[in-house]
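Student: Show me the folded form of this:
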Amino acid sequence: MDAHQVFSVLANETRLRCLNLVLRYDEICVCELVDTLGISQPTVSKALSALKQAGILADRRDARWTYYRKNPAMPEWIGAIVSSTLRHLRHLEPYRGDSDRFVPQMAMGGGGKCAV
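Tutor: Coordinates of the predicted model:
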C-alpha cells in the first residue's frame, strides 16, 4: 500500500460515503449500504472493492451476503489519515444524512434489498 493508492481511493465521494458508514457501524452488509445511500449495488460493490484493494477494508461472506469492516491489518499511518478525514466529513452533508438514514440490519430485517 503506497500513499498514492490510498489518496486516490479516498478521492471519491461514493467510496468515502461507504467508508464513513462501515467504520462508524463496525460491519455493514452491501445491501444496507445500497438502501442507505440510494446507490446501485454494482456502484457500492465497486467502491468497497477499491477500499479493500487499498487495504482499508476487509470483508467476509455469509451465505449470499458480503459484510465489510475495517481491515484489522491496516497500517497505522493509513488509519490515522482515514480517521482524521472521517471526523471532518461526518459533520457535512451528505455524510451526516447517510448516518441519520442508516439503521443497522434495516435491509435484512426491514424489507430492504437483502430481504428480496
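
Student: what's the weakest-modelled helix or strand in the chain?
Tutor: Every helix and strand of the chain was ranked by mean pLDDT, DSSP states H and E. The lowest is helix 106-109, at a mean of 49.

Student: Could you list the residues in contact with the strand or helix carrying A47?
Tutor: If you go by DSSP states H and E, A47 is part of helix 41-53. Residues outside helix 41-53 that contact it (CB atoms under 8 Å, 6 or more residues apart in numbering): 9, 12, 14-15, 18-19, 22, 30-31, 33-34, 37, 57-59, 66, 68, 71, 113. No exception for glycine: its C-beta is placed from N, CA and C like everyone else's.

Student: Return the set of buried residues in that helix.
Tutor: By neighbour count on 16 or more other CB atoms under 10 Å, the buried set for helix 41-53 is V44, S45, A47, L48, A50, L51.

Student: Following the chain onward from that helix, which element is next?
Tutor: strand 57-62.

Student: any chance you could map the helices in the chain?
Tutor: 3-10, 13-24, 30-37, 41-53, 76-89, 95-101, 106-109 (DSSP state H).

Student: Most tightly packed of those helices?
Tutor: Each of these was scored by mean neighbour count; the highest is helix 30-37, a mean of 23, by mean count of other CB atoms under 10 Å.

Student: send the alpha carbons of that one over as CSV?
Tutor: Presented in CSV, the C-alpha positions along helix 30-37 are these (Å, rounded to 0.1, in the frame of the first residue of the first chain):
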residue,chain,number,x,y,z
VAL,A,30,-23.5,-4.4,1.0
CYS,A,31,-27.3,-4.3,0.8
GLU,A,32,-27.5,-2.0,3.8
LEU,A,33,-25.3,0.5,2.0
VAL,A,34,-27.4,0.2,-1.1
ASP,A,35,-30.5,1.0,0.8
THR,A,36,-29.0,3.8,2.9
LEU,A,37,-27.1,5.6,0.1
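
Student: Thanks a lot, catch you later.
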